[in-house]
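**Q** Mind folding the following:
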Amino acid sequence: MTLIKRTGNFSNPLPMLFDDFFNRDLFNWRNSNFSDTNTTIPAVNIKETAENYEVEVAAPGMTKDDFKVELHGNSLTINSEKTNQAEENEDERYARKEFSYQSFQRTFTLQKDVVDTDNIKAKYENGLLHLIIPKKEEAKQKPPRLIQIT
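**A** I've put the predicted structure just below:
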């Protein structure tokens, strides 16, 4: 809630009552934050190198245990679910307690003839989930070769 300095006539409390009502957080939608990351689906970068496809998923505030990466056929799915609840003692009373729940799912279709699905690696570091998806040897870019003209 915003603190507002008031000056002037306090004999009429009705305008102050309406001011307080309309300044409550309920009507302040622009400051609402429904998750720790303020998003529902994280941003993804996909980069192709000569050897691999590299996927980066921006998910700050999470841990590696919050993710599940599955390969089913040629579909690679990244799931995440995180619930935060502040622990409180039974004898404590609270005026406001906010829950935080985040979940998302992203699915990518891999080309079986291009990707080596047996050697996909994943790690979570500094708010980014990194996936390394190696290419099969026959799909890797080969340097240009000079063809002799006869």
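**Q** drop to CA atoms for contacts and neighbour counts, all remaining ones
**A** Noted.
**Q** Which parts of this protein are helices?
**A** Counting by DSSP state H, the segments of the chain that form helices are 13-22.
**Q** Select the helix or strand of it having the lowest average pLDDT value.
**A** Between all helices and strands in the chain, the lowest mean by mean pLDDT, DSSP states H and E belongs to helix 13-22, at a mean of 47.
**Q** Residue 66 against residue 84, yeah?
**A** No - at 11.6 Å, residue 66 does not count as touching residue 84 under the criterion of C-alpha atoms under 8 Å.
**Q** Pull out the buried residues from stretch 59-72.
**A** Neighbour-count burial for stretch 59-72 flags 59, 62, 63, 67, 71 (criterion: 16 or more other C-alpha atoms under 10 Å).
**Q** May I have the distance across it, first residue to last?
**A** This stretch, stretch 59-72, spans 23 Å end to end (C-alpha to C-alpha, to the nearest Å).
**Q** shaky segments in the protein?
**A** Along the chain, the parts satisfying pLDDT under 70 run over 1-40, 85-90, 97.
**Q** Mind doing that once more with 50?
**A** Regions of the chain meeting the criterion pLDDT under 50 cover residues 1-5, 14, 16-39.
**Q** all strands of it, in order?
**A** Counting by DSSP state E, residue ranges of the strands within the chain are 44-48, 52-58, 67-72, 75-84, 100-109, 121-125, 128-134.
**Q** Report the inter-axis angle for the last one versus strand 52-58.
**A** Pointing back at strand 128-134 there. What separates the directions of strand 128-134 and strand 52-58 is an angle of 170 degrees, with axes from the mean of the first three to the mean of the last three C-alpha atoms, to 10 degrees.
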